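When you get a sec, could you give me coordinates for this:
(one chain, ligands or ions: 1)
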Amino acid sequence: MLNTPRYGRKVRNAYREMQKKSKALYECPKCGKKKLKRISFAVWQCKSCGATIAGGAYQPNTEAGLNALRIIKG
Ligand SMILES: [Zn+2]
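Model (predicted):
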């Protein structure tokens, strides 16, 4: 998607960083266990209690999404 020459290296690095974060497990706000996994765009599911959370596209919270938008817009 963003892996094209028309985007700068800074954005590609940010995108790679987001992908890395999107694959990590996060703390579930319901049961507190680090089992929250991204199952779809902005959808997160806890592998422990089964809770499904709609959050940021690449992280359960939206802070990273806002930062990413700021980077892309320059
Ligand atoms: Zn849970």
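
Next one, pLDDT for residue 6 please.
Confidence at residue 6, expressed as pLDDT, is 71.

Report how many residues lie close to it.
Neighbourhood size, residue 6 [other CB atoms under 10 Å]: 6. For the C-beta atoms, the positions are set from N, CA and C on the backbone; glycine is no exception.

can you check residue 36 too?
Counted by other CB under 10 Å, the residues lying close to residue 36 total 26.

what's it in contact with, if anything?
25, 26, 27, 28, 29, 44, 45, 46, 47, 53, 60 (CB atoms under 8 Å, 6 or more residues apart in numbering).

Give the burial count for the second one, as a bare number.
As a burial measure, the neighbour count of residue 26 was computed by other CB under 10 Å and equals 18.

Which entry within the contacts of residue 36 corresponds to the minimum pLDDT?
Lowest confidence among the contacts of residue 36: residue 60, with 62.

ok, back up a step: can you list the contacts of residue 36 in JSON lines and add secondary structure and distance to residue 14?
Below are those laid out as JSON lines (DSSP: H, G, I helix; E, B strand; the rest coil; distance: CB to CB, whole Å):
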{"residue": "25", "secondary structure": "coil", "distance to residue 14": "21"}
{"residue": "26", "secondary structure": "strand", "distance to residue 14": "19"}
{"residue": "27", "secondary structure": "coil", "distance to residue 14": "23"}
{"residue": "28", "secondary structure": "coil", "distance to residue 14": "26"}
{"residue": "29", "secondary structure": "coil", "distance to residue 14": "25"}
{"residue": "44", "secondary structure": "strand", "distance to residue 14": "20"}
{"residue": "45", "secondary structure": "strand", "distance to residue 14": "25"}
{"residue": "46", "secondary structure": "strand", "distance to residue 14": "27"}
{"residue": "47", "secondary structure": "coil", "distance to residue 14": "27"}
{"residue": "53", "secondary structure": "strand", "distance to residue 14": "23"}
{"residue": "60", "secondary structure": "coil", "distance to residue 14": "18"}
